[in-house]
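In: okay, structure incoming, though there's no sequence with it:
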């Protein structure tokens with residue numbers, strides 16, 4: 001433990017001044033009625049000086065406690081010589097108690113016990129010189145003025161040390177858990193890279209080879225022919241596989257903890273690119289869209305929501321999608337409408353759950369279902385005021 005902070009130094013000074021007042025006031029009251037002997041004022045000066053040493057750093061707790069024990073005996077002898085009184089109740093009693101507390105709080109091992117012994121002996125010697133016998137009241141007075149403050153100091157610092165140890169262990173456990181999570185994230189990223197990226201790359205390469213094999217892209221190939229349509233589909237497979245690999249690498253980089261500009265997350269600024277590689281006829285309308293004015297987290301969430309809308313239209317629609325994005329000062333509205341392909345398989349609902357979850361994170365609302373014309377409609381609103 002340390003006592004060298006400004007706040008603790010100020011507190012130590014206030015405690016020392018409090019002891020000066022606590023011991024000085026009885027002395028002044030007694031000195032006013034005592035013979036004007038120089039020894040009286042020497043005793044007062046010793047009391048004040050001893051109490052002021054309580055403002056010294058904690059490393060001096062041992063010598064300060066020994067000083068207080070010596071002053072306790074010395075003041076009694078000086079006042080007895082100056083006034084002839086042995087039991088006048090004057091001394092550094094308050095400072096002695098605080099010195100005992102500091103010795104218990106800041107000292108450890110043999111030094112702490114030796115200091116306590118000096119305090120006990122000093123008080124017993126004082127009582128002996130005052131003519132007191134080792135009666136129960138005197139023993140109790142010694143115990144309450146020396147042993148009890150010392151024990152209280154040890155208890156206080158022991159409790160503080162226990163709290164520090166608990167915090168240290170909690171910090172170690174937290175760091176260990178974070179290291180384990182980081183290792184797990186790295187393992188997941190490695191597995192994803194080794195499995196998914198291999199297959200996606202293979203899909204892209206085979207699509208490219210198939211497109212080249214049928215002579216796609218030549219000037220004589222008509223876009224409306226069967227080979228032209230097949231080539232267009234294969235080209236879309238290539239584009240989608242490249243986009244999937246790019247998104248996968250971005251996710252893997254984030255799993256590795258790499259969030260540099262080179263792996264920046266997409267946003268609505270890349271909406272045109274998303275629509276172009278969607279693989280279906282998207283009729284996009286944008287009103288007031290300013291992605292740079294959106295919070296990064298909401299910008300990414302809106303992009304992922306539109307990405308899921310496009311994916312759902314591709315899986316369950318008839319090849320077309322009406323997409324509208326409207327940004328105002330208070331909200332961002334996204335609406336997607338596509339005809340339903342009755343021959344498509346029934347979805348799992350995870351995509352819509354993901355949309356609701358992302359929208360809910362920003363206090364948004366989502367409405368899905370067939371519209372009066374029988375087309376599938378999804379409309380959501382994300383408030384912007386709550387994200388500022």
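Out: Alright, I've got the coordinates. A quick note: this is a predicted structure, and the numbers were derived from the prediction, not measured.

In: how long is stretch 289-299 end to end?
Out: 11 Å (Cα to Cα, to the nearest Å).

In: with stretch 325-341 instead?
Out: 24 Å.

In: mean confidence (pLDDT) on it, please.
Out: Stretch 325-341 shows a mean pLDDT of 93.

In: and it, what's buried?
Out: 325, 327, 332, 333, 334, 335, 336, 337, 338, 339 (16 or more other Cβ atoms under 10 Å). Glycine gets a C-beta too; all of them are placed from N, C-alpha and C.

In: surely residue 85 meets residue 79?
Out: Yes: counting by Cβ atoms under 8 Å, residue 79 is a contact partner of residue 85 at 6.5 Å.

In: mind checking which of the two has more residues around it?
Out: The neighbour count for residue 85 versus residue 79, taken as other Cβ atoms under 10 Å, is higher for residue 79 (26 against 14).

In: what distance do you get for the more buried one to residue 67?
Out: According to Cβ to Cβ, to the nearest Å, residue 79 stands 18 Å off from residue 67.

In: reformat the buried residues of stretch 325-341 as TSV; add distance to residue 149 and secondary structure.
Out: As requested, the buried residues of stretch 325-341 are arranged in TSV below (distance: Cβ to Cβ, whole Å; DSSP: H, G, I helix; E, B strand; the rest coil):
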residue	distance to residue 149	secondary structure
325	73	strand
327	69	strand
332	67	strand
333	71	strand
334	71	strand
335	76	strand
336	76	strand
337	81	strand
338	81	strand
339	86	coil
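
In: tell me which of those is nearest to residue 160?
Out: Of all these, residue 160 sits closest to residue 332, with 51.8 Å by Cβ to Cβ.

In: so which residues of the stretch 201-350 of the chain form helices?
Out: 226-255, 271-276, 296-316, 350-361 (DSSP state H, counting those that start in this stretch).

In: deepest-packed of those, please.
Out: Among those, the stretch with the highest mean neighbour count (mean count of other Cβ atoms under 10 Å) is helix 296-316, at a mean of 20.

In: elements contacting that helix?
Out: Counting contacts by 3 or more Cβ pairs under 8 Å, 6 or more residues apart in numbering; DSSP states H and E, helix 296-316 packs against helix 271-276, strand 320-327, strand 331-338, helix 350-361, strand 376-383.

In: adding distance to residue 115, write those out as CSV.
Out: Formatted as CSV, those follow (distance: least, Cβ to Cβ, whole Å):
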stretch, distance to residue 115
helix 271-276, 76
strand 320-327, 73
strand 331-338, 71
helix 350-361, 61
strand 376-383, 67
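
In: buried residues of the helix or strand harbouring residue 128, list them for me.
Out: Assigned by DSSP states H and E, residue 128 belongs to helix 110-129. Using 16+ other Cβ under 10 Å as the test for burial, helix 110-129 gives 112, 115, 116, 118, 119, 120, 122, 123, 124, 126, 127.

In: and which of the residues you listed is nearest residue 212?
Out: residue 112 (86.7 Å).

In: where does the stretch 51-200 of the chain dip in pLDDT?
Out: 86-89, 132-135, 189-195, 197-199 (pLDDT under 70).

In: from the rest of the structure, what touches stretch 284-295?
Out: 267-269, 271-272, 275, 299, 302, 322-328, 332, 384, 387-388 (Cβ atoms under 8 Å, 6 or more residues apart in numbering).

In: for the record, mean pLDDT for stretch 280-289?
Out: On average, stretch 280-289 scores 91.

In: and it, which residues are buried?
Out: So for stretch 280-289, counting by 16+ other Cβ under 10 Å, buried means 282, 284, 289.

In: do you know how far the last one is from residue 381?
Out: Here residue 289 is placed at a distance of 15 Å from residue 381 (Cβ to Cβ).

In: same question, the first one
Out: The spacing between residue 282 and residue 381, counted by Cβ to Cβ, is 21 Å.

In: ok, and what's touching the helix holding residue 128?
Out: With Cβ under 8 Å, 6+ apart, helix 110-129 has contacts from 61-62, 65-66, 68-70, 72-73, 76-77, 80, 86, 91, 96, 99-100, 103-104, 107, 134, 138, 141-142, 145-147, 150, 154.

In: quick check: next helix or strand after it?
Out: helix 136-142.

In: ok, longest helix in the chain?
Out: Scanning the chain for the helix with the most residues, using DSSP state H, yields helix 148-192.

In: relative orientation of it and helix 110-129 in degrees?
Out: In terms of direction (axes from the mean of the first three to the mean of the last three Cα atoms, to 10 degrees), helix 148-192 departs from helix 110-129 by 170 degrees.

In: and helix 148-192, how far from the chain's centre?
Out: Relative to the chain's own centre, helix 148-192 is displaced by 13 Å; criterion: Cα atoms, centre = their mean, to the nearest Å.

In: swap in stretch 140-156?
Out: 39 Å.

In: only the buried residues of that stretch, if you could.
Out: Buried residues in stretch 140-156 (16+ other Cβ under 10 Å): 141, 142, 145, 146, 149, 150, 153, 154.

In: ok, stretch 365-384 next?
Out: 366, 376, 377, 378, 379, 380, 381, 382, 384.

In: distance of the first one relative to residue 304?
Out: Spelled out, it's residue 366. 13 Å.

In: for residue 196, give me its contacts.
Out: Counted by Cβ under 8 Å, 6+ apart, residue 196 has contacts residue 248.

In: spatially, which two of the buried residues of stretch 325-341 are the most separated?
Out: 327 and 339 (26.6 Å).

In: helix, strand or coil for residue 372?
Out: coil (DSSP: H, G, I helix; E, B strand; the rest coil).
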